[in-house]
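*Asks:* Need a 3D model of the sequence below.
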Amino acid sequence: MTDHHIGLIVPSSNLTMETELPRMLGDRERELPGDRFVFHSSRMRMRHVTPEELREMNAQTERAALELADARPDVVASACLVAIMAQGPGHHCTAEAEIGAALRGQGAQAPVVTSAGALLDGVAALGARRIAVLTPYLKDLTRLVVDYIEDAGVEVVDALSLEVPDNLAVARLDPEDLREHWRRLDLRRADALVLSACVQMPSLAAIQPVEDAAGLPVLSAATATTYRVLGALGLETRVPGAGRLLRGDLPGRAQTPAISTSPTDQT
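*Replies:* Numbers count the residues shown, from 1 in each chain. Okay, the predicted model is just below:
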């Protein structure tokens, strides 16, 4: 049995990142018992998903990274997709580089994953060029997410905003409702569906049922982050019942470098 230590940087009001990632990797442990996953979290204060609070939260990133460095994690995942995407195209590269530098300054060499970068990687791994997106955000923030994805070369054919600004309220959304929400999207030109472009909106229970019903790959910020975490650890990207992305048979693995390159190099 090999222990893999995963550091998580999460908003203070996030309840779902520390639920869905451990649940997926726990399911993987039961199917592939050679690997065990241990989680360590550091929190950044944020209660409402507004541009102001997102900027204030981002300013706490170095402090959170330094706290995790002391635990010597094998990989660090930063989980607030919209906080990064709201800063402008390619910002996940900057964020990953800054967190990596803070870790290395304390002697920790862990590769860094962001949910924003992971979502783009997950879409690319599926070979999708056109996607539909569902978010809990207000429409203005969803527009920033759409612009960010399209700047990376992926067309967003349709997007649905549930318009829930309170982050704790987002965590209380019933994932079963996603089994109906997705039907409001126009998927006629979509290669894949992002069922939750937010690691705070619970979606894991709906991923496989919606994928089966929609007939196209379904992913979320959380499943994409798990894909990147497993790739960064050099492990097979397989989690049972978590959608096409985590079926374990995509060509290659998502490898995350310890030192992120520039936005131009990665987009």
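*Asks:* for the stretch 101-250 of the chain, what spans make up the strands?
*Replies:* Using DSSP state E, counting those that start in this stretch, the strands found in the stretch 101-250 of the chain span residues 112-114, 130-135, 155-161, 192-196, 218-220.
*Asks:* Among those, which comes closest to Ala232?
*Replies:* Closest approach to Ala232 among the strands of the stretch 101-250 of the chain (Cβ to Cβ): strand 112-114, 6.0 Å. C-beta coordinates here come from the backbone N, C-alpha and C atoms, glycine included.
*Asks:* on that earlier part again, TSV please, covering the strands of the stretch 101-250 of the chain and showing mean neighbour count and distance to Val76.
*Replies:* Listed next are the strands of the stretch 101-250 of the chain as TSV, based on neighbours: other Cβ atoms under 10 Å; distance: least, Cβ to Cβ, whole Å:
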stretch	mean neighbour count	distance to Val76
strand 112-114	30	5
strand 130-135	24	24
strand 155-161	18	28
strand 192-196	28	22
strand 218-220	31	20
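*Asks:* Just put the ones you listed in TSV and tack on distance to Asp70.
*Replies:* Listed next are the strands of the stretch 101-250 of the chain as TSV, based on distance: least, Cβ to Cβ, whole Å:
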stretch	distance to Asp70
strand 112-114	16
strand 130-135	34
strand 155-161	39
strand 192-196	31
strand 218-220	30
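*Asks:* Which one, of those strands, ends up nearest to Arg104?
*Replies:* The nearest among these, by Cβ to Cβ, is strand 112-114 at 10.1 Å.
*Asks:* Which helix or strand lies directly C-terminal to the helix or strand containing Ser42?
*Replies:* Assessed by DSSP states H and E, Ser42 sits inside strand 35-44. Toward the C-terminus, strand 35-44 is succeeded by helix 51-58 as the next helix or strand (DSSP H and E).
*Asks:* Can you give me the buried ones in that next one?
*Replies:* 53-54, 57-58 (16 or more other Cβ atoms under 10 Å).
*Asks:* Also stretch 117-124?
*Replies:* Within stretch 117-124, judged by 16+ other Cβ under 10 Å, the buried ones are 117-123.
*Asks:* quick one: which of those residues sit in helices?
*Replies:* Here DSSP state H is the test, and those give 117-123 as lying in helices.
*Asks:* Columns pLDDT and distance to Val199 on top of those residues, output as CSV?
*Replies:* Output for these, formatted as CSV (pLDDT from 0 to 100; distance: Cβ to Cβ, whole Å):
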residue, pLDDT, distance to Val199
Gly117, 97, 13
Ala118, 97, 9
Leu119, 97, 10
Leu120, 97, 14
Asp121, 97, 15
Gly122, 97, 13
Val123, 98, 16
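*Asks:* between those residues, which is closest to Ile131?
*Replies:* For these, the nearest to Ile131 is Val123 (6.0 Å; Cβ to Cβ).
*Asks:* wait, the closest one sits on Pro217?
*Replies:* No. Using Cβ atoms under 8 Å, Val123 makes no contact with Pro217, being 9.2 Å away.
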